[in-house]
Structures are given as C-alpha cells and as structure tokens.
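this one's structure only:
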C-alpha cells in the first residue's frame, strides 16, 4: 500500500474548460491522490471540460466558488486553452495571490506558467514555461527569470514546461507538500 503522506492535504487543480492538456492534469492528479491528497478540479465554467487529446473531466468546482484558504496548493494546468481561459482570469489570480501570501505551494505547467506571472507572484523567481514568444514575454513582464528546464522550483513556486515533465512535476509537488504540516 502506498504511503499516504499527504493525508489531510487539499490541492486545487485549475483547468481550462476546453483544450487543457490531458496528461498535465491526469498525471499530477494521480500522483497527488496516491500520496493521500484530496484533489479538487476547478474550471471557469460548469459542465464537462475537454482535453486536447480527448480526455473529458467534469470539474467538481467552479472557479468562482473556490475558497483559497481551503487549500495547501494550487496547480494551474496548461494546454492550448490556458491563454484564452486562464491567463487573465481575475478570480484565479486572486486565489494564487492569496495562497502565495500565505506561504502555500503555487504550481503551473506548460503555458500556464504565464498565469503565475500575470498574477504577480513570479517577480524575482526562477520559472519555466512552454516556450512561445507570448509565454516567455509574460514571464519577462512578470519579472521572472526564465529557466529552460523541464521542472523549476524556486521556494514554494514550482513550474514545468510541458507534458513530458508532468510526472516529475507531480512528484516535485508531493515532495514540497510533504514538508508542510497540515
């Protein structure tokens, strides 16, 4: 039986309602759940969300209903839907800012590293992102130091550059959350 070292830990994963990257949700979600964390999935609208590779997920929360104080971590999932639905989402920015202010784990993968930059929590931090001119510009505008590596951790901020990094990303989040007393 797997060790449930994250028993009692609540993690929020946020996905775009369309074109989230399947494995960037499913792989970390599975790793966190196996470690004992309770993982909630939120999106900007109700109903079935569709992944770029065909996965369908029904988020159990609307982003508008999320209470940031209920979570030890927030993870923003990437994919082609991220720029349209998540990059400039005020409620998501507020959740990220509150968790960051309270010393919680803030994580994003793929194009969603730009969400953290746009929320203002990457200033002076090392971070990575799926590299496009727009995503790298968002990091620069957010005063982050872009690092071209699969997974980058700077304190309690964890970023990853794409689907190939999903396993390492999930494991890094579990490792950081394991340091926190719930």
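Happy to help now that I have it. Fair warning: this is a prediction, and the values are worked out from it, not measured in the lab.

pLDDT weak spots in the protein?
Within the chain, the stretches with pLDDT under 70 are 1-3, 180-182.

what segments of it are helices?
Remark: helices assigned in the chain by DSSP state H are 22-34, 82-85, 90-101, 113-118, 133-141, 166-178.

who's in contact with the last one?
Outside helix 166-178, the residues that touch it by CB atoms under 8 Å, 6 or more residues apart in numbering are 5-6, 9, 11, 23-24, 27-32, 35, 37, 72-73, 75, 105, 107, 109, 150-151, 153, 156, 158, 160. The C-beta positions use only the backbone N, C-alpha and C, and glycine is treated the same way.

may I see the ChimeraX selection of the buried members of these?
Here is the ChimeraX command that picks out the buried ones among the contacts of helix 166-178, judged by 16 or more other CB atoms under 10 Å:
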select :6,9,11,23,24,27,28,29,31,32,35,37,72,73,75,105,107,109,150,151,153,156,158,160
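
I figured residue 38 hits residue 10, correct?
Yes. Residue 38 is within contact range of residue 10, at 5.0 Å (criterion: CB atoms under 8 Å).

what residues are shared contacts of these two?
Counting by CB under 8 Å, 6+ apart, nothing touches both residue 38 and residue 10.

test my guess that residue 142 contacts residue 124.
No. Taking contacts as CB under 8 Å, residue 142 lies outside contact range of residue 124: 9.9 Å.

those two: which is more packed in?
Using other CB atoms under 10 Å as the criterion, residue 142 and residue 124 rank with residue 142 on top: 21 against 9.

dump the residue contacts of that one.
Residues near residue 142 by CB under 8 Å, 6+ apart: 114, 116-118, 120-123.

at 7 Å instead, please
117-118, 120, 122-123 (CB atoms under 7 Å, 6 or more residues apart in numbering).

buried subset of those?
117-118, 122.

and which of those is nearest to residue 89?
Taking CB to CB as the measure, residue 118 is the one of the buried ones among the contacts of residue 142 closest to residue 89, at 8.9 Å.

in contact with the closest one, which residues?
Counting by CB under 7 Å, 6+ apart, residue 118 touches 87-88, 93, 138, 142.

since that was my last question, I'll sign off now.
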